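Peer 1: sequence unavailable; structure follows:
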């Protein structure tokens, strides 16, 4: 089972790809950051779309996981975040992939055991679990999202869901 | 000069294409509504992306106009609106087109003379100016956005901008 975690942002969009083979610990297959640049928003979002299409084609994941957004600072930042998210969701939808969403606190809780863990703690736990973790925070966050999905997916299967 | 107006929405995305040839009144070249359906968001956004790519390929506009969003009801609705907007901006960006944004009140003011005009008044003015107007509100709104852009563009040119 291959999962692509995406952490969309209008400046940088992180991605992380994990493989899980039976009961073993997942393997980090790839991770990185799509740089959207500093130009006009249409060109930035087009770069994110092209970058994600390339990632989907290269890694061919079976499922996609993203952070769920409930609370944005304000309507303005929600709109800007929504724009990058929309591009990521459309790329997944075009590839025919289901997108699973998890609240930020649930991702941290699942990965580190603490719902309020900071980015560095998340990264350290990823290093312990996977043997490596990307240095870029956006890529590391995306790997954490993918790992969270694999954990819950496994838990669901164990319960016979 | 051909302008594509887009009114993005996660259920229905309206579009309208206007041609302007010198000083004459603009001509309505095409308009319609992309139905995103009622399924999961990734599939809906993928349909909007595919629909807009088809519109861009069929009509080959030189510029794109969209409504500017300052105030959403709340962060949640801003996020959902942002997702559809992001797809529209990415489609325009991929086609290499500039996107011009206008506040809703400015669109109504420019088209009807009243910043608080209702949708039906906008539609009636479009019928007067263009000889026809699409019946679907989302398509009619998109035509109004395109017309607003042509008016301001013309005004800018007259001022030597």
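Peer 2: Alright, I've got the coordinates. Only a predicted model underlies this, so the values are computations on that prediction, with no experimental measurement involved.

Peer 1: name the nearest residue to the residue in chain A positioned nearest to chain B, ignoring sequence neighbours.
Peer 2: Residue nearest to chain B within chain A: residue A:82 (2.1 Å; CB to the nearest CB). Any C-beta I mention is one placed from the backbone N, CA and C, and that applies to glycine too. Setting aside the residues directly before and after it, residue A:82 is nearest to residue B:82 in space (CB to CB, 6 or more residues apart in numbering or on different chains), at 2.1 Å.

Peer 1: who are the contact partners of that neighbour?
Peer 2: Contacts here follow CB atoms under 8 Å, 6 or more residues apart in numbering or on different chains; on that basis residue B:82 touches A:78, A:79, A:80, A:81, A:82, A:83, A:85, A:86, B:69.

Peer 1: which residues of chain A lie near chain B?
Peer 2: A:40-50, A:64, A:69-87, A:89-94, A:97-99 (CB under 8 Å from any CB of the partner chain).

Peer 1: buried ones among these?
Peer 2: Buried by 16 or more other CB atoms under 10 Å in any protein chain shown: A:41-50, A:64, A:69, A:72, A:75-76, A:78-87, A:89-94, A:97, A:99, out of the residues of chain A next to chain B.

Peer 1: quick one: the residue of chain A closest to chain B is in a strand?
Peer 2: No. Counting by DSSP: H, G, I helix; E, B strand; the rest coil, residue A:82 is not part of a strand but helix.

Peer 1: for residue A:66, give its distance to residue B:24.
Peer 2: 48 Å (CB to CB, to the nearest Å).

Peer 1: which one's more surrounded, the two?
Peer 2: residue A:66 (23 against 8; other CB atoms under 10 Å in any protein chain shown).

Peer 1: pLDDT-wise, which helix or strand of chain A ranks last?
Peer 2: The helix or strand of chain A with the poorest confidence is helix A:137-158; it has a mean of 89 (mean pLDDT, DSSP states H and E).

Peer 1: and the contacts of that one?
Peer 2: With contacts defined as CB under 8 Å, 6+ apart, helix A:137-158 is touched by A:1, A:3-7, A:9, A:12-18, A:20, A:26, A:28, A:31-33, A:63, A:65-67, A:100, A:102, A:106-108, A:110-111, A:119, A:122-123, A:126, A:129-130, A:133-134.

Peer 1: might you list the low-confidence residue ranges for chain A?
Peer 2: A:70-71, A:156-161 (pLDDT under 70).

Peer 1: residue ranges of the helices in it, please?
Peer 2: A:41-59, A:75-94, A:104-112, A:119-130, A:137-158 (DSSP state H).

Peer 1: now render these as TSV, adding distance to residue B:141.
Peer 2: Putting those into TSV (distance: least, CB to CB, whole Å) gives the following:
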stretch	distance to residue B:141
helix A:41-59	20
helix A:75-94	18
helix A:104-112	35
helix A:119-130	42
helix A:137-158	36
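
Peer 1: ok so, going back, got the angle for the least confident helix or strand of chain A vs helix A:104-112?
Peer 2: Orientation check (axes from the mean of the first three to the mean of the last three CA atoms, to 10 degrees): helix A:137-158 against helix A:104-112 gives 80 degrees.

Peer 1: tilt between helix A:137-158 and helix A:119-130?
Peer 2: 50 degrees.

Peer 1: can you give me the buried ones in helix A:137-158?
Peer 2: For helix A:137-158, using 16+ other CB under 10 Å, the buried residues are A:137-153.

Peer 1: I'd guessed residue A:95 sits against residue A:56; true?
Peer 2: Yes. Between residue A:95 and residue A:56 there is a contact at 4.8 Å, judged by CB atoms under 8 Å.

Peer 1: so these two - more neighbours on which side?
Peer 2: Set side by side, residue A:95 and residue A:56 show more neighbours around residue A:56, with 20 against 17, by other CB under 10 Å.

Peer 1: tell me the contacts of the more buried one?
Peer 2: For residue A:56, the contacting residues are A:4, A:91, A:92, A:95, A:97, by CB under 8 Å, 6+ apart.

Peer 1: pretty sure the last one contacts residue A:62?
Peer 2: Yes. When contacts are counted by CB under 8 Å, residue A:97 is listed as touching residue A:62 (7.4 Å).

Peer 1: pull up the overlap in contacts between those two.
Peer 2: What both residue A:97 and residue A:62 touch, as defined by CB under 8 Å, 6+ apart, is an empty set.

Peer 1: any of the contacts of helix A:137-158 buried? List them.
Peer 2: A:1, A:3-7, A:9, A:12-18, A:20, A:26, A:28, A:31-33, A:63, A:65-67, A:100, A:102, A:107-108, A:110-111, A:122-123, A:126, A:129-130, A:133-134.

Peer 1: neighbours around the nearest residue to residue A:85 once chain neighbours are set aside, how many?
Peer 2: Using CB to CB, 6+ apart and skipping residues adjacent in sequence, the residue nearest residue A:85 is residue A:8, 4.9 Å away. Neighbour count of residue A:8, defined by other CB under 10 Å: 29.
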